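>>> Sequence and predicted model, in that order:
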Amino acid sequence: MELEDLFWASVLIASLTSVILHITGIEGLDSLLLLLLVVMISSYTVWEVLHERKAEIEHAVNLLMVGVGALTYWLDLHLEGILLLGMFGLAEILEHVAMKRAESGLKELMEYLPRKAKVERDGSLLEVEFDSIRRGDLVVVARGERIPVDGLVVRGRGHLDQSVVTGEPLPVRVEVGSYVHSGSLLVEGSLVIRALKVGREAFISRILAMVEEFRERKSSGERLVQRFSKYYLPSMLALSALAWAFLGVRAAIVLVAVACPSAFLVAAPATTLTSLAVAARRGVLFKGSAPVEMAAKVRIVAIDKTGTLTLGRLVVRELHMDVEDFRLLASLELASQHPVARALVEEAKRMGLKLSIPEEVEEVPGEGIRGLVEGAKVVAGRASFVGVEEAMSGSVVVHASVRGKYGYVSLGDEVNPMAREVVEQLKEMGLRVAMLTGDREESARPVAEGLGIHELYADLSPEGKVEIVRRLKEFGYVAMVGDGINDAPALAAADLGVAVGSLEASIEAGDVALVSGIPSLPWLFRASRSVVSTFWSNMALVGIFKAVAALLGVIGYIPLWAAVALGDDGGLLLVMVNLVGLAREILREG
């Protein structure tokens, strides 16, 4: 137990001791115990100020309670003062419990980092501390262990639970040559990994560091609560002075005691920390609480096509030539490293065609390729290179002449298999979905219609995407979803920039990084709405608790200590219950 918890626990125990003594008929110690509590709290507050352990508003609250305790001592309301300070001590303990509950998400993230690892060095297997792993080390991971580094598998194979990286709950098969991330759990097999990124450079370490950094970035709601707290205490003190003048000293003490803003001050950061930690566990990184708040306001989602709704790699759509001619065409493309060539070769392999090594190959960059395959002359590329007229439309068309016979192959970007479900979920949430792309409309339209997107903006340059985002903002808050590199200007122009892809690229470009990919996009919006709703419901309910407690205390319907218990402790308990509910709700989402 921390020093602060021990101190407030001792305040609570002293208060309970006084109550027990009072019940047993020993009342002479009330005044001494009250004086002791006042001295303890004032001394502790001075110690906190000297060590700069808390914010000024919290020191002010402590001093306020010291003043109330001194006032009850002066008015011979010894038992009431003791109970009041005991309830205040309980409120402080509940405040710490609430914050620890919120921070537990961060601790769970830290558990993804093993404290020790086994490495092969100089022919020996050594167990070393996590911080002692060096780049280039061969790290040995057994079944049931988490991977401590980012690197390449050089020996072994198995199945990894990569849910902390991708959000995908199903284990993924890895083998020699596979790239793996720290934090992943080896559920089957054994691996030897060459460490490429270690320590703070490793994936899960960077996630932790970013969550810690971004938790300090406040939303407008949090800033409002902080500003409110600055004026709240002086206002309540002024109201207490008026109550003293017109209703008597007891009413004034009730208002001062109930005024403690602990529940308000805890609700905002605890809600934020809970949401950031849970989101990070799903591979969603918010740059602070402001993007969480904005995501809840978004009404229009503009999504870039290439690399987001699609996988950014070409596949054959239509084959307009004989299979044998296509086999010869694919054989010629073995000599090229162009993405189109790779797509043709992959399709031929998928069809089970036997490819031959081409000869006398000549490749003209930007135009095409020619050569001999099994003695047959094959020419492929642009229409002008092959010697025909451009008559076909599509994302990519490869014209070909095989033995003088013309044919062509139409290719397109491979659609992300999860994209249609993502779009459907966004529309079910009442969000307007638009697709933005630099491709021609005739090639982009089939992709959009296949995904159920009816609002398409094609033939866009990066500047054109920015202009479309600005036009869409006239109809509501806009989220732009892109790959975090080419779409950086549009991400910056939107109310909320959502970057999809690698941690390095996406975290720099957007307000939110979907490291786990586009399947987490609907969850992002649903969870944000839940977080913002919980935040404001906490604020409203704490305010109601305090108002009811103040009213019942002033009119004498409940004793002073009960007013504090209802207005402060009750509010904090409510915050804690809501935080538990929030964590469970957003973990269930999507």
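Okay, I see it. Residues are numbered from 1 along each chain as shown.
>>> just the helices in the stretch 251-400 of the chain please.
262-281, 290-297, 323-333, 339-350, 383-386 (DSSP state H, counting those that start in this stretch).
>>> Please point out which parts of the fourth one sit buried.
Buried residues in helix 339-350, counting neighbours by 16 or more other Cβ atoms under 10 Å, are found at 340, 341, 343, 344, 345, 346, 347, 348. Glycine gets a C-beta too; all of them are placed from N, C-alpha and C.
>>> now, which of those sits nearest residue 136?
Sorting the buried residues of helix 339-350 by how near they are to residue 136, with Cβ to Cβ, puts residue 346 at the top with 33.3 Å.
>>> What residues does the closest one make contact with?
When contacts are counted by Cβ atoms under 8 Å, 6 or more residues apart in numbering, residue 346 is found next to residue 315.
>>> how close does the residue nearest to residue 419 when sequence neighbours are not counted sit to residue 439?
Closest residue to residue 419 in three dimensions, ignoring its sequence neighbours and counting by Cβ to Cβ, 6 or more residues apart in numbering: residue 309, at 4.6 Å. Between residue 309 and residue 439 the distance, using Cβ to Cβ, to the nearest Å, works out to 11 Å.
>>> what about the two, which has more around it?
A count of neighbours by other Cβ atoms under 10 Å puts residue 309 above the other of residue 309 and residue 439, at 29 against 22.
>>> Quick check: the more buried one vs residue 438, distance?
Distance of residue 309 to residue 438, computed by Cβ to Cβ: 13 Å.
>>> do residue 152 as well
33 Å.
>>> And residue 445, by the same measure?
As it turns out, when the distance is counted by Cβ to Cβ, residue 445 lies 14 Å from residue 438.
>>> cool, residue 465 as well?
For residue 465, the distance to residue 438 equals 8 Å [Cβ to Cβ].
>>> between these two, who's got more neighbours?
A side-by-side neighbour count of residue 465 and residue 438, using other Cβ under 10 Å, places residue 465 first with 25 against 16.
>>> quick one, what contacts the closest residue to residue 369 other than its chain neighbours?
Nearest residue to residue 369 in three dimensions, chain neighbours excluded: residue 363, at 4.5 Å (Cβ to Cβ, 6+ apart). When contacts are counted by Cβ under 8 Å, 6+ apart, residue 363 touches 335, 336, 369.
>>> Kindly present those as TSV, with separate columns for pLDDT, distance to residue 543 and neighbour count.
Conversion of the contacts of residue 363 to TSV gives the following (pLDDT from 0 to 100; distance: Cβ to Cβ, whole Å; neighbours: other Cβ atoms under 10 Å):
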residue	pLDDT	distance to residue 543	neighbour count
335	88	73	16
336	86	69	20
369	90	73	25
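>>> of all those, which comes closest to residue 254?
Looking at the contacts of residue 363 and their distance to residue 254, the nearest is residue 336, at 83.4 Å (Cβ to Cβ).
>>> can you tell me which residues contact that closest one?
In this structure, residue 336 makes contact with 363, 369, judged by Cβ under 8 Å, 6+ apart.
>>> what are the phi and psi angles of it?
Its backbone dihedrals place residue 336 at phi -110, psi 150, with angles given as degrees, to the nearest 10.
>>> Ok, residue 192 next?
Summarising the backbone geometry of residue 192 under the convention degrees, to the nearest 10, its torsions are phi -120, psi 120.
>>> before we move on, what SS does the residue lying closest to it once chain neighbours are set aside have?
Nearest residue to residue 192, sequence neighbours excluded (Cβ to Cβ, 6+ apart): residue 155, at 3.9 Å. Reducing the assignment to helix, strand or coil with DSSP: H, G, I helix; E, B strand; the rest coil, the entry for residue 155 is strand.
>>> can you offset everything so residue one is 28?
Sure, I'll start counting at 28 from here, so that last one is residue 182.
>>> who's in contact with residue 182?
Per Cβ under 8 Å, 6+ apart, neighbours of residue 182: 203, 218, 219.
>>> Filter those residues down to the buried ones, PyMOL style.
Isolation of the buried members of the contacts of residue 182 (16+ other Cβ under 10 Å) is achieved in PyMOL through the command below:
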select buried, resi 218+219
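>>> tell me which of the contacts of residue 182 is nearest to residue 487?
residue 203 (41.6 Å).
>>> Am I right that that closest one falls within a helix?
No: when classified by three-state DSSP, residue 203 is found to be coil rather than part of a helix.
>>> Please report the distance of it from residue 211.
As it turns out, when the distance is counted by Cβ to Cβ, residue 203 lies 16 Å from residue 211.
>>> Residue 410 now?
When distances are taken as Cβ to Cβ, residue 410 and residue 211 turn out to be 48 Å apart.
>>> for residue 479, same thing?
With Cβ to Cβ as the criterion, residue 479 and residue 211 are 33 Å apart.
>>> same question, residue 561
When distances are taken as Cβ to Cβ, residue 561 and residue 211 turn out to be 31 Å apart.
>>> Same check on residue 321?
In terms of Cβ to Cβ, residue 321 sits 31 Å off from residue 211.
>>> hmm, back to that, mean neighbour count, the helices of the stretch 278-427 of the chain: which tops it?
helix 289-308 (a mean of 24; mean count of other Cβ atoms under 10 Å).
>>> Kindly provide the whole-number mean pLDDT of that helix.
If you average the pLDDT over helix 289-308, you get 69.
>>> same thing with stretch 159-173?
Model confidence over stretch 159-173 averages 89 on the pLDDT scale.
>>> one step back: who wins for proximity to residue 33 among the helices of the stretch 278-427 of the chain?
Between residue 33 and these, the shortest gap by Cβ to Cβ is with helix 289-308, which sits at 18.3 Å.
>>> Which stretches in the stretch 478-617 of the chain count as helices?
Read by DSSP H, counting those that start in this stretch, the stretch 478-617 of the chain holds these helices, from start to end of the chain: 489-499, 515-520, 530-536, 548-581, 587-591, 597-615.
>>> Give me the buried positions along the longest one.
This means helix 548-581. Taking 16+ other Cβ under 10 Å as the basis for neighbour counts, the residues of helix 548-581 that come out buried are 548-559, 561-562, 565-566, 568-569, 572-573, 575-577, 579-581.
>>> show me the contacts for residue 436.
343, 345, 346, 347, 348, 353, 356, 371, 424, 425, 427.
>>> let's see 7 Å
Contact analysis of residue 436 by Cβ atoms under 7 Å, 6 or more residues apart in numbering lists 343, 346, 347, 348, 371, 425.
>>> Many thanks, I have nothing further to ask.
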